[in-house]
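# from the sequence below, what's the structure:
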Amino acid sequence: VEIDKDQVLNYFKNSHVGINSTIYKGIYSLPPGHYLICKNKRLYLKKYWSKPLIDSSYILNKENKLNIKKLLIDSLDRQLDADVDVGLFLSGGVDSSLLLSLSKNLKKNLKTFSFTFFEDDNDDLKYLNKLTEKFSTKHYNFDLNNIDILDEIKEIQIIQDEPFSDSSFLPLYILSKNASNHVKSVITGDGADEIFLGYTNWYSRIHEIIKYKILNEIPLISKFLKTLNIFENKSFFKYLCINLDSRNSSDIFSYTMSPFTSKKLQKLGLLDNPNNKFDLKKYSSKELLDIFRNEILETYLTGDILTK
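Got it, this is the predicted structure:
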């Protein structure tokens, strides 16, 4: 068995290996939305779900807002109708709070679970307590007191099938392990910020790309700046490398997320000298947003958020 260098590169760029790959050469995982049939000693890969086409002209008017609310309620109703006890992970953020609010008429005596790093995280707990009191849930909060972090990390290494470096996996694992003593299934707000582009940093990253893409118009100067190590830890250097070295739309997204610039990946021997084939000058901020939205749904949501 041989380590796949391309997937090591994927790991450094995206915090996970490719969505239908493994860290080993010649060994693959099922792509999202597929299942495998073994029949007459042959394997058949079947697709059962495709990502809907994105309508960038979609307007969030009153009718569409009501439609989204109905879809959420219908989905919650299906998920809460289970043979086992179902709970809700409650962070105190917009998404999980919305799910709790919509669940109030669907399930009585809902159990909710939260994680705070320490027992005296008063700001988080105050808001969580207000929510759970308002909606009359049976709430459980867990924190890091009396928890051996190193032991938890060792357990996670056994559980994870592939290299994965999203640090939020640790508190989520501790929360899940403790919640499993009370329920067997949970609903979470994970993925909402990715589907609805709720994080403002998606937009700020695009703004930085647009701001520095003028460097493409002065390639000699920009390539010279890239050779100077004194700029390597500066914000503009990251976007300089994105503009110079991105070979496709996936690179644009990955390099904005990763702490590793293309130059650092070259030093590690994971990336050959890039040959830029992706001309950022052609793209407006709206077109870049569409690229981000597609990459979020195709790779980040499936490879990171749903992996957790």
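# how about the lowest-mean-pLDDT helix or strand in the chain as PDB, C-alpha atoms only?
The helix or strand of the chain with the lowest confidence, counting by mean pLDDT, DSSP states H and E, is helix 219-227 at a mean of 71. Output in PDB follows, covering the C-alpha atoms of helix 219-227 (Å, rounded to 0.1, in the frame of the first residue of the first chain):
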ATOM      1  CA  PRO A 219       3.300  39.700 -13.600                       C
ATOM      2  CA  LEU A 220       7.000  40.600 -13.400                       C
ATOM      3  CA  ILE A 221       6.500  42.600 -10.200                       C
ATOM      4  CA  SER A 222       4.200  40.100  -8.700                       C
ATOM      5  CA  LYS A 223       6.500  37.100  -9.400                       C
ATOM      6  CA  PHE A 224       9.400  39.100  -7.900                       C
ATOM      7  CA  LEU A 225       7.400  39.800  -4.700                       C
ATOM      8  CA  LYS A 226       6.600  36.100  -4.500                       C
ATOM      9  CA  THR A 227      10.300  35.300  -4.300                       C
END
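# other SSEs contacting the longest helix seen in the chain?
The longest helix of the chain (DSSP state H) is helix 62-80. Where contact means 3 or more Cβ pairs under 8 Å, 6 or more residues apart in numbering; DSSP states H and E, helix 62-80 is packed against helix 94-103, strand 185-187. C-betas here are computed from N, CA, C, even on glycine.
# and the helix or strand following the longest one, which strands flank it?
Note on helix 94-103: by DSSP states H and E, the next helix or strand toward the C-terminus is strand 111-115. According to DSSP bridges, the neighbouring strands of strand 111-115, each with its direction, are strand 86-89 (parallel), strand 138-142 (parallel).
# now the helices for the chain?
5-14, 62-80, 94-103, 122-134, 149-159, 169-179, 192-195, 200-212, 219-227, 235-245, 249-257, 262-267, 285-295.
# worst average pLDDT in these?
Mean pLDDT values for those show the minimum at helix 219-227, a mean of 71.
# ok, S50 - how many residues close by?
Using other Cβ atoms under 10 Å, S50 is surrounded by 8 other residues.
# G198 now?
Neighbours around G198, by other Cβ under 10 Å: 13.
# again with L131
As a measure of burial, L131 has 19 neighbours, counting by other Cβ under 10 Å.
# cool, the one 10 residues further on as well?
N141 has 19 neighbouring residues, counting by other Cβ under 10 Å.
# look up how far N178 lies from it.
10 Å (Cβ to Cβ, to the nearest Å).
# what touches both of the two?
Any residue near both N141 and N178 by Cβ atoms under 8 Å, 6 or more residues apart in numbering counts here, and that gives F113.
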